[in-house]
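**Q** give me coordinates for this.
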Amino acid sequence: MLGFLRGDDFKSSTIAPVDGSHKGISKDNVFKRSADNAITPDNPPETIFDTYRTMPVCDRVREFTPEEADGLSELARVKKQNATATKKAADKHEVILKAEAKINRHGQRMIRNEAEFEVKTQGYKGTTAKSLHGMRPRYAAMGKGLEKSEQLADQAINNLMAQL
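**A** Residues are numbered from 1 along each chain as shown. Below is the predicted model of the structure:
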């Protein structure tokens, strides 16, 4: 019973950082990535600016040889069919490229969403860390107040013991 009155029980463990100390609330601990490959400005994926394509770029007009030009009269019917096929191919080429552009647009949107998630999550962690730091003086005040109460109680008990 006297151990309790002397405050011995309070010395056995620390419930809260009443001395104002902190542990683990540093930028190295607070701002951990949510995953090793989380997308941040210093950790973009190597493939971030890759382009999804299934066919090569059509980047020049085809040049014909004189021999090919001489054979055009024989191939007129075939060329007419090829012209129709080329138009059809160009139409499908456009459809494919538009679809691939959409895939890339949505893929980049997903990457931006992941990066936005990461920055928001880190912001929430930072807000929590700031809040915890803001509590440190209050805990320190509680600790000082408890120390003062303990000293006053010890003094009163010593005065009582001296009278016995």
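**Q** stretch 99-106: how far from the chain's middle?
**A** Averaging C-alpha positions (Cα atoms, centre = their mean, to the nearest Å) puts stretch 99-106 23 Å from its chain's average.
**Q** swap that for stretch 91-109, sorry
**A** Distance, centroid of stretch 91-109 to centroid of chain: 27 Å (Cα atoms, centre = their mean).
**Q** which residues does that stretch contact?
**A** Applying Cβ atoms under 8 Å, 6 or more residues apart in numbering, the contact partners of stretch 91-109 are 51-55, 58. Just so you know, the C-beta spots here come from the backbone N, C-alpha and C atoms, and that holds for glycine as well.
**Q** count of neighbours near residue 62?
**A** 6 (other Cβ atoms under 10 Å).
**Q** ok, now residue 56?
**A** 6.
**Q** about what we covered before: which of the contacts of stretch 91-109 sit farthest apart?
**A** 52 and 58 (16.8 Å; Cβ to Cβ).
**Q** re earlier: keep only those of the contacts of stretch 91-109 that are in strands.
**A** Applying DSSP state E to the contacts of stretch 91-109, no entry is found in strands.
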